[in-house]
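*Asks:* based on what follows, work out the 3D shape:
(one chain, ligands or ions: 2)
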Amino acid sequence: MNPVIALVGRPNVGKSTLFNRLTRSRDALVADFPGLTRDRKYGNGALGDKTYTVIDTGGISGDEDGIDAAMAEQSLLAIDEADIVLFMVDARAGLIAADEAIANHLRVNQKKTWLVVNKTDGLEEHSAMADFWQLGLGDPHSIAAAHGRNVTALIDEVLAPF
Ligand code: GDP
Ligand code: MG
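*Replies:* Numbering: from 1, shown residues only. Ligands and ions are numbered 1, 2, ... in the order given. As a prediction, this is how the structure comes out:
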């Protein structure tokens, strides 16, 4: 069984951009699993001799009404199906309340969760990352999904235990 990586976070943080990059390899195939909601998109990728499956989700709004209400069902299902959760935030938007609401949910989840700060291209990395430590999800990992910056290194690290 491939390790399964779920991409979660607010809309517009770059989840689909990362999904496309991670599933671009020759063997990538966006799976059409019967019975699965179209709100979760599945793809396969490879790095070195390891293969993995990625799940893209439509996003979690992080609404003030409470994370249980706000969290889109497909994101919860994707987390359930995953071995690894990549929680994506947007360096350009900075840390916003919606990210904190999602982080509160993820902290109590049993899945191994990585905090991924996207869109750090053209930003001074150290200061771009500083705020995100507050989320309490450990070391923020800087990437630029659109340009591929640090993406291979991140996936290599994420897949190390598998
Ligand atoms: P999603 O809603 O989380 O799936 O986000 P998308 O992948 O659709 O990306 C939202 C927007 O952010 C698009 O305009 C992307 O081109 C842009 N974007 C994604 N990754 C990067 C990045 O690394 N750097 C910059 N500057 N923009 C990015
Ligand atoms: Mg998307």
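
*Asks:* how close does residue 52 get to ligand 1?
*Replies:* 18 Å (CB to the nearest ligand atom, to the nearest Å). Any C-beta I mention is one placed from the backbone N, CA and C, and that applies to glycine too.

*Asks:* bridged to that residue, which residues?
*Replies:* Note on residue 52: beta-bridge partners by DSSP bridges are residue 45.

*Asks:* pLDDT wise, what is it at?
*Replies:* On the pLDDT scale, residue 52 is placed at 95.

*Asks:* could you check how far it is from residue 22?
*Replies:* Here the distance between residue 52 and residue 22 works out to 8 Å (CB to CB, to the nearest Å).

*Asks:* tell me, how many residues neighbour residue 145?
*Replies:* 26 (other CB atoms under 10 Å).

*Asks:* and it, how far from ligand 2?
*Replies:* 11 Å (CB to the ion, to the nearest Å).

*Asks:* that residue contacts residue 24, correct?
*Replies:* No. Residue 145 is beyond contact range of residue 24, at 11.5 Å (criterion: CB atoms under 8 Å).

*Asks:* ok so, going back, quick check: neighbours shared by residue 52 and residue 22?
*Replies:* 5, 45, 155 (CB atoms under 8 Å, 6 or more residues apart in numbering).

*Asks:* which one of those sits closest to ligand 2?
*Replies:* residue 5 (15.0 Å; CB to the ion).

*Asks:* beta partners of the closest one?
*Replies:* residue 54, residue 84.

*Asks:* correct me if wrong: it contacts residue 162.
*Replies:* No. Counting by CB under 8 Å, residue 5 does not reach residue 162; the two are 10.0 Å apart.

*Asks:* between those two, which contacts overlap?
*Replies:* 52, 83.

*Asks:* compare neighbour counts for these two and give me the winner.
*Replies:* residue 5 (26 against 13).

*Asks:* can you count the residues close to residue 74?
*Replies:* 22.

*Asks:* tell me which parts of this structure are close to ligand 2?
*Replies:* Residues of the chain lying close to ligand 2 (CB under 5 Å from the ion) are 15, 16.

*Asks:* if I pick the residue of the chain found nearest ligand 2, what's in contact with it?
*Replies:* Closest contact between the chain and ligand 2, by CB to the ion, is at residue 16 (3.2 Å). Counting by CB under 8 Å, 6+ apart, residue 16 touches residue 56.
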